[in-house]
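[1] Fold the following and give me the result.
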Amino acid sequence: MDNGVRSGVVQPAGSLCQVMTDDFDAADFARQFRAFMTAVSRLAPAEKPSALRQQLESHLGREPDGLPVLTDSFPVFEHPNVQVALDAYLDAPGRTADLLGISGANREHHGLADIVNATGRHQQFEVGAVDYVSVPVAVDTDMTCVSFGLLLVVSSDDRLVVLMRVGARRTGSQQVQLEVLTADVDVARRFLDTIRKLAVEHSVFRGQVLSFESHEFADGLGPLRFHRRPEVDQADVILPPGALKALHRHVVGTTEHRARLQSAGHRLRRGVVLYGPPGTGKTHTLRHLIGRAPAATVLIVTGFSAQFIREACTLARTLEPAIVVLEDVDLVAQGREHPSAALTNPFLAEMLNMMDGMAEDADVTFLLTTNRLEVVEEALVQRPGRVDLLVEVPLPDETGRSRLLALYGRALLLSDTDVSRIVASTSGVSASFFAELGRRAELLAATSGDARADVGHVMRALDELHDSRSAFGKRR
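    Sure thing, here's the model as predicted:
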């Protein structure tokens, strides 16, 4: 008997299984299935746009999907300058902005267009908290900046959506990005151009002393670090006669008389090299010159941090008057004939290109130091316009040693005879030798329980230092 029961399974007559095995009409099935899904979708509750989507549409006065997005990027150390530029832009009459945060997984991996589109289809992103970060803008001074936030900008009749974000290591980006969505590409382009100009005009770096470092262990903005401006009295700078006067005229005098020089058709850009044995006072002299130029933005690059020479020169060009300091230039500017020049010449070529590419009316001084002038590339030191003044900082003569003893031994109890004796015993030593001599004599007196350090302590310290120099000479 066949009553629709087979092997314990009830199969109604005319079932789908029977239809599929007998006379299956695929096209008719597809039509019926489509009608079924349409009916189900009509019964489902309407999808409500996300709050973020609603705010975007209300702000723009239209659907945001498909609108063009323009992007501009800045080095990570420019973060506070981008922030102050945005603040200055919005301070102008007729401009306002609402700042929104964005929540949602992996938002940092999506561009502004992706984020906007996702608010409509999948509601992947919603209104959330604005991300902020505290960044240094001077020694012991921080500033709060937006690190991920959406600005709904109104500027007269223009409506813009601006995403500001700072890349993180996990995203593979270490830049500050501004992405602008608006109906008119020209409006977005003008906005980004204005922000760049305002970032220079209101730069927090102007007039500061900064250094580029190849590591990120110290507090700073990426590779950029802030320093207090040094104060070294002119009387404490011990150079051959006339040398300091020439340096003042070249470094400081050019800025003081820039209008006259320009009116006479002369360039302002200049270069100086301080050369001499280690420890003779080249860095000490640099510190004095930096202190004598309080209005100058100082950008310091040392050794293999020369990889940042482009960034340093770019900042100098936009923040003049400026001083670019490159210490130990022989490490990165060795002559082409030198065996290791292949390792350093990429930095040399970059430096020469940046120096040559800077406008002649740029009020920028390049201050370079080296212990080995003989190995420095001639194209750098023997071409006016790159380097115009070479100043030797030699081992001190008798008069220099007497001045150095007075400088670093001002707390020592010494007679004129004692001074003559010590000066006679220090022929051929460097300025840094006297700094250590004064320190060590004071330490010997302190550990001996003596109230003042006198000639006896100085001579003991002198013997120790001479012994150390002799031991080092034998080692070599």
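[2] could I get stretch 134-147 in PDB with only the CA atoms?
    The C-alpha trace of stretch 134-147 is given here as PDB (Å, rounded to 0.1, in the frame of the first residue of the first chain):
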ATOM      1  CA  SER A 134      48.900  65.500  25.000                       C
ATOM      2  CA  VAL A 135      52.000  66.500  23.000                       C
ATOM      3  CA  PRO A 136      55.000  68.600  24.000                       C
ATOM      4  CA  VAL A 137      55.200  72.000  22.400                       C
ATOM      5  CA  ALA A 138      58.200  73.400  24.500                       C
ATOM      6  CA  VAL A 139      60.400  72.400  27.400                       C
ATOM      7  CA  ASP A 140      58.000  71.400  30.200                       C
ATOM      8  CA  THR A 141      55.000  72.500  28.300                       C
ATOM      9  CA  ASP A 142      52.300  70.200  26.700                       C
ATOM     10  CA  MET A 143      49.300  70.800  24.500                       C
ATOM     11  CA  THR A 144      46.100  68.800  24.000                       C
ATOM     12  CA  CYS A 145      45.500  67.900  20.400                       C
ATOM     13  CA  VAL A 146      42.800  65.800  18.600                       C
ATOM     14  CA  SER A 147      44.200  62.500  17.600                       C
END
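[3] got the contact list for it?
    Stretch 134-147 is contacted from outside by 79-80, 82-83, 99, 130-133, 164-166, 204, 208, 219-221, 226-228, using CB atoms under 8 Å, 6 or more residues apart in numbering. Placement of C-beta: from N, CA and C, glycine included.
[4] Show me what counts as buried in it.
    Val135, Pro136, Val137, Ala138, Cys145, Val146, Ser147 (16 or more other CB atoms under 10 Å).
[5] circling back to that earlier point, the contacts of stretch 134-147, buried ones only, as a PyMOL selection?
    Burial among these is assessed by 16+ other CB under 10 Å; the matching PyMOL selection reads:
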select buried, resi 79+80+82+83+131+164+165+166+204+208+220+221+226
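[6] Just the ones of the contacts of stretch 134-147 in strands?
    Within those, residues falling in strands by DSSP state E are Leu99, Asp131, Tyr132, Val133, Met164, Arg165, Val166, Phe226, His227.
[7] On the pLDDT front, check the second one for me.
    Reported pLDDT at Asp131 in the predicted model: 95.
[8] what bridges to it?
    Beta-bridge pairing for Asp131 (DSSP bridges): Phe148.
[9] Return the residues in contact with it.
    Neighbours of Asp131 in contact, by CB under 8 Å, 6+ apart: Gly101, Val146, Ser147, Phe148, Gly149.
[10] mind checking how far the closest residue to Pro394 other than its chain neighbours is from His284?
    With CB to CB, 6 or more residues apart in numbering as the criterion, Pro394 has its nearest non-adjacent residue at 5.3 Å, and that residue is Gly276. Noted for Gly276: a distance of 11 Å to His284, by CB to CB, to the nearest Å.
[11] next one: Ala30
    Counting by CB to CB, the gap from Ala30 to His284 is 88 Å.
[12] out of those two, which sits in the more crowded spot?
    Higher neighbour count among Ala30 and His284: His284, with 20 against 10, using other CB atoms under 10 Å.
[13] still on that earlier bit, can you tell me which of the buried residues of stretch 134-147 is nearest Ala264?
    Closest approach between the buried residues of stretch 134-147 and Ala264, by CB to CB: Ala138, at 36.9 Å.
[14] Against Leu60, how distant is the closest residue to Arg165 other than its chain neighbours?
    Closest residue in space to Arg165, ignoring its immediate chain neighbours: Phe148 at 4.8 Å, by CB to CB, 6+ apart. Using CB to CB, Phe148 is found at 21 Å from Leu60.
[15] List the buried residues of stretch 285-295.
    In stretch 285-295, counting by 16+ other CB under 10 Å, buried: Thr285, Leu286, Arg287, His288, Leu289, Ile290, Gly291, Ala293.
[16] Off-centre distance for the host helix or strand of the first one?
    Assigned by DSSP states H and E, Thr285 falls within helix 282-291. Using CA atoms, centre = their mean, to the nearest Å, the distance from the centre of helix 282-291 to the centre of the chain it belongs to is 23 Å.
[17] Give the other helices and strands that it contacts.
    helix 243-247, strand 270-275, strand 322-327, strand 364-370 (3 or more CB pairs under 8 Å, 6 or more residues apart in numbering; DSSP states H and E).
[18] From the rest of the structure, what touches the shortest one?
    To tie it back to what came earlier, the one meant is helix 243-247. Gln234, Val237, Val272, Thr285, Leu289, Leu389, Val391, Glu392, Val393.
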